[in-house]
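[1] compute the structure for the input listed below.
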Amino acid sequence: MAYPRRNGTVYSVLILVCIVGFWLFENFYTPATYSYNDESSSINEFPKKLLPSSTTGEIVNHSYFSLSYNEPFEQAEWVAYVLDKKHLTYDDRKRPYFIEDPFVSTKSADYRNYKGSGYDQGHLVPAGDRRFSLQAYNETFYTSNISPQDREFNAGIWNDLEQQTRRWAKKYGTLYVYTGGVLESGLEEIGQEDVDVPDSFYKIIARRKGDKIYSIAFLMENKPQFVPLRNFVVSVDDIEKITGIDFFSELPENKQSAFESSKNTTGWKF
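    Below you'll find the predicted structure:
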């Protein structure tokens, strides 16, 4: 008569072990990294003196882009990368899974936070800009490189801006690109980790011509937009004020003032 009781105890223990194991997997498992392969030439080309300031101190340098992660908002406050015309290839790449960024000390948000939210997993560094290398392409699928975006916004005006940025890279050569959501209090949150949904996104693009720096900045609300890109041009100063980020802090003040306050589109052909 004791056998059924013993079997019941064993089953209960096994169920408990499975529950604990699943919880540990969900909370402490760190996925494989996309950041190592056999490419000996994998280097981050972004000049350190052009990196923005970080409000958190959590700067991560991947092989082909850098970011500043903001843990309370569960996303990057900025990403920075070089886009050169030589990067613009049409290599066919298999879309990988989104995985957590193993180089973020606090662990970047799980992609499952986005499921059922109604928002896209919006790339900050576009995967389409990194087709020239398998590693460069895969790195854009770290969850530290995504932010919740309205689907029509992501597929519409935001995609238009990414396409325009590629056209400028083809025309002008090397560009320095900065992108992020405006992270502020009171935002909508999604998922178990409370990933914040930015109300707006920015993109700053800079290029050098001799000793002169040309920049153009955009600020767009995270909703469907149906007006030309020119309507979203702002100054770099405007973006610095709403984000608290200094984008060209290592440059002399006179060089910064020469282009940061301007909303002029001179030097950028649409």
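[2] helix or strand: which one has the residue lying closest to residue 233 once chain neighbours are set aside?
    Nearest residue to residue 233 in three dimensions, chain neighbours excluded: residue 263, at 5.6 Å (CB to CB, 6 or more residues apart in numbering). The way it works is simple: take the backbone N, C-alpha and C, and place the C-beta from them, glycine included. For residue 263, there is no enclosing helix or strand under DSSP states H and E.
[3] for this protein, what spans make up the strands?
    Remark: strands assigned in the chain by DSSP state E are 59-61, 66-70, 75-83, 119-123, 146-150, 175-181, 188-190, 195-197, 200-209, 212-221, 233-234.
[4] any chance of those in CSV, plus mean pLDDT and mean neighbour count?
    Listed next are those as CSV, based on pLDDT from 0 to 100; neighbours: other CB atoms under 10 Å:
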stretch, mean pLDDT, mean neighbour count
strand 59-61, 94, 17
strand 66-70, 97, 24
strand 75-83, 97, 26
strand 119-123, 98, 21
strand 146-150, 98, 25
strand 175-181, 98, 25
strand 188-190, 98, 16
strand 195-197, 98, 22
strand 200-209, 96, 20
strand 212-221, 95, 19
strand 233-234, 97, 18
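[5] between those, which gets nearest to residue 102?
    strand 59-61 (9.7 Å; CB to CB).
[6] strands paired with that closest one, and their directions?
    strand 66-70 (antiparallel) (DSSP bridges).
[7] run the angle between the strand it pairs with and strand 75-83 for me.
    170 degrees (axes from the mean of the first three to the mean of the last three CA atoms, to 10 degrees).
[8] on that earlier part again, contacting residues for the residue nearest to residue 233?
    Residues counted as contacts of residue 263 (CB atoms under 8 Å, 6 or more residues apart in numbering) are 233, 234, 235.
[9] now, which of those sits nearest residue 70?
    residue 234 (21.2 Å).
[10] follow-up on the earlier one: using a markdown table, lay out the contacts of residue 263 together with distance to residue 241.
    A markdown table is the format used below for the contacts of residue 263 (distance: CB to CB, whole Å):
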| residue | distance to residue 241 |
| --- | --- |
| 233 | 16 |
| 234 | 10 |
| 235 | 9 |
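[11] so which of the residues you listed comes closest to residue 107?
    Nearest member of the contacts of residue 263 to residue 107, counting by CB to CB, is residue 234, at 33.2 Å.
[12] show me the contacts for that closest one.
    202, 217, 218, 219, 263.
[13] how about residue 130?
    With contact set as CB under 8 Å, 6+ apart, residue 130 has these partners: 64, 87, 136, 137, 139, 140.
[14] ok, now which ones touch the nearest residue to the second one once chain neighbours are set aside?
    Once flanking residues are discounted, residue 87 sits nearest to residue 132: 5.0 Å by CB to CB, 6+ apart. Residue 132 is in contact with 86, 87, 88, 89, 91, counting by CB under 8 Å, 6+ apart.
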